[in-house]
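*Asks:* Sequence plus predicted model, see below.
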Amino acid sequence: MDFSKIGLFQLAGTRLDYLAQRQKLIAENVVNANTPDYTARDLKSFDAVLNGVRPVETARTAALHLTGGKPVTAFREAGKQDLWESTPSGNAVSLEQEMSKGSETRDAFALTTSLFQRNVQMLRMAWRNG
C-alpha cells in the first residue's frame, strides 16, 4: 500500500517538511544571536502552503436539510511585530522569541506525528479485520 497517494498522509508529510525547515531556521537564528546586523528569519505561515486546498463543506442531499453555519476560519493575530528588540550592533534576534517559535514548532511536530500514527493504526486495524 502506497501511503503517499492518501491525501491525509501527503498533507502530514508536507507539514513535517515545513516544520523541519522552520526548526532549521530557528536554530540558525539562535546561532547568529551575536552576529552584528543579523536579522532573524522565519518561514511564512503554513496556510500559505495550503492556498490551493478548498475548505470542506457539507453536502445538502435534500432541500429540507439545514445549511451549515458560519465557515470555520483560523484565528489570526493582528498587528504582531516581527522584531521584539534590536541591539546597538544592529542584531535583531530575540532569544525569547526564538524559544517561543521553537516551542510552537515542537508542539506542531508532536501533533502532526501523533495524527499520522493514529491514522496508520486505523488503516492497520481495517486491513486486519477486512
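*Replies:* Alright, I've got the coordinates.

*Asks:* Quick check: the closest residue to residue 108 other than its chain neighbours vs residue 44, distance?
*Replies:* Setting aside the residues directly before and after it, residue 108 is nearest to residue 19 in space (C-beta to C-beta, 6 or more residues apart in numbering), at 5.7 Å. For every residue, glycine as well, the C-beta is placed using N, CA and C. Residue 19 sits 13 Å away from residue 44, going by C-beta to C-beta, to the nearest Å.

*Asks:* More neighbours: these two, which one.
*Replies:* residue 19 (22 against 9; other C-beta atoms under 10 Å).

*Asks:* Same question for the host helix or strand of the more buried one: list its buried residues.
*Replies:* Assessed by DSSP states H and E, residue 19 sits inside helix 7-31. Within helix 7-31, the residues scored as buried using 16 or more other C-beta atoms under 10 Å are 9, 11-12, 15, 18-19, 22-23, 25-26, 29.

*Asks:* and that helix, average pLDDT?
*Replies:* Averaged across helix 7-31, the pLDDT comes to 88.

*Asks:* all helices for the protein, in order.
*Replies:* 7-31, 95-129 (DSSP state H).

*Asks:* can you tell me how far residue 108 sits from residue 32?
*Replies:* From residue 108 to residue 32 the distance is 23 Å (C-beta to C-beta).
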